[in-house]
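1. predicted coordinates and the sequence they were generated for:
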Amino acid sequence: MASKLLLATAKQAINGELSVLTMSDDQIMNQIYATHVHADENFDADSLFVVVENVLKRATLIVDNVVLGTEAHLGNLEEKAPKNGFSLPLCTLKQLSCEMACKAPGEEIAHKTTMSILNKLSSYSWDAKAVLTVA
């Protein structure tokens, strides 16, 4: 068993790839920081966060109603409005959604998926990356 693990590690080292399971925290952080090119200050992460927050509040209320058997009215829910002229980045959101949904479970795959998403979002600020991923 140990020899198989050593062989797999050696193959990854030959291919220039380290396993996320054997990487140090510093190596992982360096890999993450390398995906960040520059922050696109034109993207309105705050407005996207408002939209996401509204959706999550509404969804939470609906689930609570179903689970608890109550009937709270959605009309009583206070929603914030995004800034005028805000346009949802639908293509980016669809790409991220597909990236997350179409993968098998596992730590290695999760790391590769994360790195792929960070590469796609390389021109966004860190705040925008977080909000886009949650959206």
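-> It's in.
2. mind giving me the packing neighbours of the lengthiest helix in the chain?
-> Ranked by residue count and defined by DSSP state H, the top helix of the chain is helix 45-68. Using 3 or more CB pairs under 8 Å, 6 or more residues apart in numbering; DSSP states H and E as the contact criterion, the elements in contact with helix 45-68 are helix 126-134. Heads up, the C-betas are built off the backbone N, CA and C, glycines and all.
3. can you give the distance of the helix it packs on from its chain's centre?
-> Taking the mean C-alpha point of helix 126-134 and that of its whole chain, the gap between them comes to 7 Å (CA atoms, centre = their mean, to the nearest Å).
4. now do K129 against L68, distance only.
-> Applying CB to CB, to the nearest Å, the value for K129 to L68 is 35 Å.
5. likewise V55?
-> Distance check for V55 against L68: by CB to CB, it reads 20 Å.
6. show me which of these two is the more surrounded one.
-> More neighbours surround V55 than the other of V55 and L68, with 12 against 9 (other CB atoms under 10 Å).
7. S116: how many residues sit nearby?
-> Quick note: S116 (other CB under 10 Å) scores 16 neighbours.
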